[in-house]
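K.L.:
heads up, no residue letters with this:
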C-alpha cells in the first residue's frame, strides 16, 4: 500500500503514532498538518492524547478559515497556516518536542547538519526563530519569517519550544524531522567524548559525487536462496529500525546469494516500511533494471570479493557508536568478553576512503576485523550471515553505550592481554 494514497487524516494519525512510539513527543505535545490539493489544511486537534490519536480526531481548516471536526484545531494552527502562506512548496508540517532538539532549543542553538552527508542533504541548514508565546500571532509571524528567508529552510528551531519541520509531503517532513533529531542526539553523545568533527562542503560534495549508479543488467528468476536472503534482510532491517540502529532514510543491509551476487537495500525507501520487493539484486557489479541499490553497493561488493567468508554487511547508525565515528575517541572493546569476541579491535575508516570502489575498506574489514567506524558516517559491520552481522551490530551499540555512560563513573578498566589471549583460545570460532 502506498502511504501517499492515504487520506490526510490517516497520514497524520499514522505519523503521530510513529513519532509518539519512538519517544519523540509527549501525550500533549506536538502537532502535524497536511495541506491538500484543494488548499484545505488537515491538522491535529488540541487537547487530544497523541498516544491514541485517531483519523476521525483530525480537524479540517478550509481556505476561508472555517473549521470542521469533533475537536478544536491545535493551538499552533496559526504558525502552520503562516508557513503554508509563505511557502507553496511545503505541503506538510511537523512540530514536536523531541528530547535532543529540545536540549538545543533551550540553549539557543541549532544542530550543525554538516555532521553527516545524509543529514546535510535531508535537513539542509537549520534556521532559528526567537521565542514567542505558543499559539500567538507573534510566534506564527516569527516562524513564517524564518521559512520565508532566501535560504528557504526545511527545519526551524524554536527558542525554548522544540522544532518545526516542513516537507513536500508528510513522509519527507517526517524523515527530515527524524534525521534532525538523530543528528542532535549524536552531537550530544559525541560531546561527552570530546571535540565533534564536522564535514566541509567539499567533503560532502565528494561523498555525493562518488555515488554514481551501477550499470544495469537483465533480471533473472530468483533462486530459493535469493528468496531466503531477501526475507532475512527485510526482517533485520525492520528490527534495526525499531531498535534505533537505522533511520527511515539511512542504513544499508546486504546479503550474499552466491559469488558476485548479493541483495541489498534500495535508495529512497523508508526502512520502517521496507518490503521484500523493494530490495535490489546486484550481479557482477550490475543492478537490476530500473532499480537503485544503496549507494554503499560498491563498497559491499568490494568486501565480498576480498573475503569469501563474509556473507552479510550492514552500514548502520547506532547513535552511541556513531558518536564515536564523529569524534576522535577510541571505542575500547576490551570491556567484557562478549564485546571483544564479537567486535575484535574496531577499525576506523577515514571519511574520504569510504567512497569509490571500496578497495581501501575491503583491506581493513574482514573476518578478523569485522567492525569499522566510518568517520562521520556511522558504522560498518560484516558477518558470516545476516543474523551474525546484526548480532555484532547490537553488541557494538551496547558496548559504545556502556563506554559513554561509564564517563560519569571514571576511567574504565580494560581486560588485560592475558585475559584476551585466554578468550581467543577458548572461543576461536567467534
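P.N.:
Nice, I can see it. Because the structure is a prediction, the values reported are computed rather than measured. Numbers count the residues shown, from 1 in each chain.

K.L.:
let me know the pLDDT of the residue nearest to residue 423 when sequence neighbours are not counted.
P.N.:
With CB to CB, 6 or more residues apart in numbering as the criterion, residue 423 has its nearest non-adjacent residue at 5.5 Å, and that residue is residue 337. Every C-beta, even on glycine, is put in place using the N, C-alpha and C of the backbone. What the model reports for residue 337 is a pLDDT of 96.

K.L.:
same question, the one 4 residues further on
P.N.:
In this prediction, residue 341 carries a pLDDT score of 96.

K.L.:
hmm, who's touching stretch 354-365?
P.N.:
For stretch 354-365, contacts defined as CB atoms under 8 Å, 6 or more residues apart in numbering pick out 206-207, 210-211, 298-303, 305-307, 347, 349, 353, 371-372, 374-375, 377, 380, 382.

K.L.:
what do you get if the cut-off is 7 Å, keeping everything else the same?
P.N.:
206-207, 210, 298-299, 301-303, 306, 347, 349, 353, 372, 374, 377, 380, 382 (CB atoms under 7 Å, 6 or more residues apart in numbering).

K.L.:
same deal with stretch 376-395?
P.N.:
Contact partners of stretch 376-395, identified using CB under 7 Å, 6+ apart, comprise 115-116, 197, 199, 232-233, 236, 240, 245, 255, 303, 309-318, 321-322, 325-326, 338-339, 342-343, 351, 354, 365-366, 370-374, 396.

K.L.:
same thing with stretch 262-269?
P.N.:
226, 229-230, 233, 237, 252-257, 274, 278-282, 291-295, 297, 300, 304.

K.L.:
what's around residue 203, how many residues?
P.N.:
Neighbours of residue 203 under the rule other CB atoms under 10 Å: 17.

K.L.:
now do the phi/psi pair for it.
P.N.:
phi -70, psi -40 (degrees, to the nearest 10).

K.L.:
shaky segments in the stretch 151-300 of the chain?
P.N.:
Counting by pLDDT under 70, the stretch 151-300 of the chain contains low-confidence ranges at 211.

K.L.:
all strands of it, in order?
P.N.:
155-158, 162-167, 216-217, 252-258, 261-264, 280-283, 286-288 (DSSP state E, counting those that start in this stretch).

K.L.:
how far off centre is the fourth one?
P.N.:
The reference is to strand 252-258. 20 Å (CA atoms, centre = their mean, to the nearest Å).

K.L.:
ok, now the fifth one?
P.N.:
Using CA atoms, centre = their mean, we find the averaged C-alpha position of strand 261-264 to lie 22 Å away from the chain's own average C-alpha position.

K.L.:
stretch 42-59: end-to-end distance?
P.N.:
Start-to-end span of stretch 42-59 (CA to CA, to the nearest Å) is 6 Å.

K.L.:
and the residue positioned nearest the centre of the chain, how close does it get to residue 319?
P.N.:
For the chain, residue 247 is the residue whose C-alpha lies nearest the centre (CA atoms, centre = their mean; 2.5 Å). Distance, residue 247 to residue 319, using CB to CB, to the nearest Å: 10 Å.

K.L.:
now swap in residue 95 and tell me
P.N.:
From residue 95 to residue 319 the distance is 23 Å (CB to CB).

K.L.:
more neighbours, the two?
P.N.:
Using other CB under 10 Å, the more surrounded residue of residue 95 and residue 319 is residue 95, with 26 against 22.

K.L.:
who are the contact partners of the more buried one?
P.N.:
30-31, 76, 162, 164.

K.L.:
again, 8 Å this time
P.N.:
Taking CB under 8 Å, 6+ apart, we find residue 95 in contact with 30-32, 76, 79-80, 158, 162-165.

K.L.:
and which of those is nearest residue 186?
P.N.:
Checking the contacts of residue 95 against residue 186 with CB to CB, the nearest one is residue 163 at 15.7 Å.

K.L.:
grab the nearest non-local neighbour of the closest one.
P.N.:
Once flanking residues are discounted, residue 163 sits nearest to residue 101: 4.7 Å by CB to CB, 6+ apart.

K.L.:
which stretches of the stretch 301-430 of the chain form strands?
P.N.:
312-316, 347-349, 371-374, 379-383.

K.L.:
any chance of these in a markdown table, with distance to residue 416 and mean neighbour count too?
P.N.:
Below are the strands of the stretch 301-430 of the chain laid out as a markdown table (distance: least, CB to CB, whole Å; neighbours: other CB atoms under 10 Å):
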| stretch | distance to residue 416 | mean neighbour count |
| --- | --- | --- |
| strand 312-316 | 31 | 28 |
| strand 347-349 | 22 | 17 |
| strand 371-374 | 21 | 24 |
| strand 379-383 | 26 | 26 |
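
K.L.:
among the ones you listed, which is nearest residue 193?
P.N.:
strand 371-374 (11.9 Å).

K.L.:
each with direction, which strands does that closest one pair with?
P.N.:
The strands beside strand 371-374 in its sheet (DSSP bridges) come out as strand 347-349 (parallel), strand 379-383 (antiparallel).

K.L.:
domains in this structure, by residue range?
P.N.:
3-191, 220-426 (automatic domain parsing).

K.L.:
ends of the last one, what's the gap?
P.N.:
By that I understand domain 220-426. 45 Å.

K.L.:
likewise the first one?
P.N.:
One end of domain 3-191 to the other measures 37 Å (CA to CA).

K.L.:
where's that domain relative to the chain centroid, distance-wise?
P.N.:
Put simply, domain 3-191 sits 18 Å off its chain's centre (CA atoms, centre = their mean).

K.L.:
you'd agree residue 286 is up against residue 213?
P.N.:
No - the pair residue 286 and residue 213 does not pass the contact test of CB atoms under 8 Å, sitting 10.4 Å apart.

K.L.:
spit out the contact partners of the nearest residue to residue 427 once chain neighbours are set aside.
P.N.:
The spatial neighbour of residue 427 that comes closest, neighbours along the chain excluded (CB to CB, 6+ apart), is residue 341 at 5.5 Å. Contacts here follow CB under 8 Å, 6+ apart; on that basis residue 341 touches 423-424, 427, 430.

K.L.:
and which of those is nearest residue 129?
P.N.:
Comparing the contacts of residue 341 against residue 129 with CB to CB places residue 430 closest, at 51.9 Å.

K.L.:
now for the closest one, how many residues are close by?
P.N.:
Residues within reach of residue 430, counting by other CB under 10 Å, total 14.

K.L.:
and it, how far from residue 395?
P.N.:
11 Å.

K.L.:
so what's residue 45 bridging to?
P.N.:
Bridge pairing for residue 45 - DSSP bridges - gives residue 73.
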